[in-house]
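Asker: Dropping the sequence and predicted coords here.
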Amino acid sequence: MTRTGLLLAVTVSAAALVAPGAFAQDNVAPTALERATPKADNTPAANALSPELGEVVLASGMMPLENPSATFSHFGFAADGPLIPAPGAVQQKGKNVEATKTEPDKNTYLVLTGQKGADAAYDYGTHFIFQGHEVGPQDDKGNGKGRLTRVNLDADAAHRVTLMAETDTAGNPVPLIDGSTWNPFAKRLLLTSEMGPKGGVWQASLDVPAKVEPLFGAFGRESYEGVQTDRNGSIWLVADVGGKKGVTNSHAKQPNSFVYRFVPKDKADLSKGGKLEVLQVMTAAGEPIVFANGDMDGDIKSAGMKDIHTYGAKLKTRWVLIHDTDKDGMDSFDANALAKAKQGSPFKRPENGQFRPGSDFNEFYFSETGDTSARTEAGTEYGGFGAVLKLAQADAAADEGTLSLVYRGDVEHTGLDNVAFWTADKVVFVEDAGDDLHSARKAFDSGYLFDLGADYSKQGTQPVRLIALGRDPLATIDSAIGSGEPAGFQNEGDNEITGIHISDGDASEAGLLGAKVPTPFKNGWRVFYTQQHGENTLWEVIAKPSLATN
């Protein structure tokens, strides 16, 4: 099949690899799509991308694992039911209408040599994408069974997806995984789980099977999601913990999530412990913004929330030590509780962050998802629709800095989640607004390109919509089933955008995300995202062949 044929195909076989740089172009400036994809009941819809861009399938949920287990059979499905519901099937206890969709989440792309798989005689190539899975069947204790997979981009269909691990080194199920990144100092994948007091940080080797180790003594238990490594080997974490709804503000939630920095004793071995710090932000009046125990409404519309979401405000920050393994030991602990006790500053569900390329890791941009409700009483003024925030420091290791607002969400631009830098001056944030908000605004999620030189406080100034996600047929079926609320139906409906990832795959210390300025579609830089739920498709975004230069 020609490269043009790959672009135009509705689906692409697992063996069809788009080679790095195959659609290289010096400057691809995406043109804004006018609108999000409209939502219509019981109707699938195709994805739309900026006219300069196309996309190809790298893996889909129905792709079988090369080494299936009793629990997991396919890339996006567990082995606990049929892949497609039978006509007239009714959900029953212990008998699923369809298999659990495991929802591959954050993507981590690496170029590696010598990788092995289930077939000792097979050459798996050098280009790989690693994912944790956000959903899985439950064990006898009600804990979700997660897993780690690897998509082998150079492999044929039979070897395309490898199950790397479903248990950790203690024999426990791998957790439900949300975030991932590569730590070149320890030569381990870092995996995060946003399962509240069951969440935390794990590290995984690149073996098959991978050695997955919990790091509760160092990081504690918390709903960690975003995870990044800075040039000093410190780990920056963004937690996503939904707060309680207010009484008078019944469609808004109390800020309940924190931003952390972990400074390891040995950056090559995180299991040796270190210091965990929480970010504290001061109001414009110089008072710490802190969690108000028992006063949900007071927090939802506090002066601090207003200051954080005010254009032009430059709020002072500092890192506050909450746990030191040298003094506090290596037992597991509740990081969220310590963050509150030590006066860390809560946010409106921050989910992911990344360092700005060319800033020497001194600028960290992160998203707030907000309340994901069109009726939130917090509105734009108090961050009800989320935001993009910038944390700036004189040095990555500095104790103090400033926080400022880059973009304040509204009902049409909300639920901002995953992030990836397009260039040094432009960054992509994608939406995970949720089915209810899709229905309220009658539109699916979008991905946006933000210009960091733009002034988004000016009326009418908006980011470039470069992805208008649609809804695949399986997600359409799930939406219809879920709207009937059958007892025990476990799968989500509408698709969402997750795992936006722009990388050249450099696994060395020089390849840390944020160390190099990206050049999408050139010099080996590639762009990926996952259309989560439904068919759970892993896409590669490409420059259209008609625009490309080889």
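Answerer: Thanks, I have the structure now.

Asker: And Gly217, its phi and psi?
Answerer: Main-chain dihedrals, Gly217, degrees, to the nearest 10: phi -70, psi -30.

Asker: again but with Ala32, I slipped
Answerer: phi -70, psi 130.

Asker: Equivalent analysis for Met305, please.
Answerer: Here Met305 shows phi and psi, under degrees, to the nearest 10, equal to phi -60, psi -40.

Asker: so who does it touch?
Answerer: Neighbouring residues of Met305 by Cβ atoms under 8 Å, 6 or more residues apart in numbering: 255, 289, 299, 348, 378, 382-383. For glycine as for every other residue, the C-beta is placed from the backbone atoms N, C-alpha and C.

Asker: repeat for Lys272
Answerer: 264-266, 325.

Asker: among those, which are in strands?
Answerer: Among the contacts of Lys272, the members found in strands (DSSP state E) are Pro264.

Asker: which of the contacts of Lys272 are buried?
Answerer: Listed as buried from these are 264, 325; burial here means 16 or more other Cβ atoms under 10 Å.

Asker: Tell me the one among the contacts of Lys272 nearest to Gly81.
Answerer: Using Cβ to Cβ, Pro264 comes nearest to Gly81 of those, at 42.1 Å.

Asker: Tell me how far Leu512 lies from Gln228.
Answerer: 8 Å (Cβ to Cβ, to the nearest Å).

Asker: same check, this time on Val28
Answerer: Distance from Val28 to Gln228, by Cβ to Cβ: 25 Å.

Asker: just Phe77 next, same as before
Answerer: Phe77 sits 30 Å away from Gln228, going by Cβ to Cβ.

Asker: what do you get for Ala121?
Answerer: Look at Ala121 and Gln228: by Cβ to Cβ, they are 37 Å apart.

Asker: got it, and Lys93?
Answerer: 41 Å.

Asker: Looking at these two, which is more packed in?
Answerer: Between Lys93 and Gln228, counting by other Cβ atoms under 10 Å, Gln228 is the more crowded of the two (24 against 7).

Asker: hang on, the more buried one in a strand?
Answerer: Yes: counting by DSSP: H, G, I helix; E, B strand; the rest coil, Gln228 is part of a strand.

Asker: Per-residue confidence, the residue lying farthest from the centre of the chain, what does it come out as?
Answerer: Relative to the C-alpha centroid of the chain, counting by Cα atoms, centre = their mean, Gly88 is the outermost residue, at 35.2 Å. With respect to pLDDT, Gly88 scores 80.

Asker: Within the helices and strands, which one has it?
Answerer: Counting by DSSP states H and E, no helix or strand carries Gly88.

Asker: Equivalent analysis for Thr108, please.
Answerer: Thr108 belongs to strand 104-111, assigned by DSSP H and E.

Asker: Identify the neighbouring strands of whichever helix or strand comes after that strand in the sheet and state each direction.
Answerer: Under the assignment DSSP H and E, the closest C-terminal helix or strand after strand 104-111 is strand 127-133. Each strand paired with strand 127-133, and its direction, by DSSP bridges: strand 104-111 (antiparallel), strand 148-152 (antiparallel).

Asker: okay, the contacts of Met305 in CSV with pLDDT, neighbour count and secondary structure next?
Answerer: Output for the contacts of Met305, formatted as CSV (pLDDT from 0 to 100; neighbours: other Cβ atoms under 10 Å; DSSP: H, G, I helix; E, B strand; the rest coil):
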residue, pLDDT, neighbour count, secondary structure
Pro255, 96, 28, coil
Ile289, 97, 25, coil
Asp299, 94, 27, helix
Lys348, 96, 28, coil
Ala378, 96, 27, coil
Tyr382, 97, 26, coil
Gly383, 97, 28, coil
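
Asker: Show me the longest helix that occurs in this protein.
Answerer: helix 473-483 (DSSP state H).

Asker: Now do the helix or strand that it is followed by: everything it contacts.
Answerer: Later in the chain than helix 473-483, the nearest helix or strand by DSSP H and E is strand 496-503. For strand 496-503, the surrounding residues in contact (Cβ under 8 Å, 6+ apart) are 104-109, 129, 131, 417-422, 428-434, 445-447, 467, 469, 511, 513, 518, 520, 525-533, 538.

Asker: Figure out the length between the terminal residues of stretch 482-489.
Answerer: In stretch 482-489, first residue to last residue: 7 Å (Cα to Cα, to the nearest Å).
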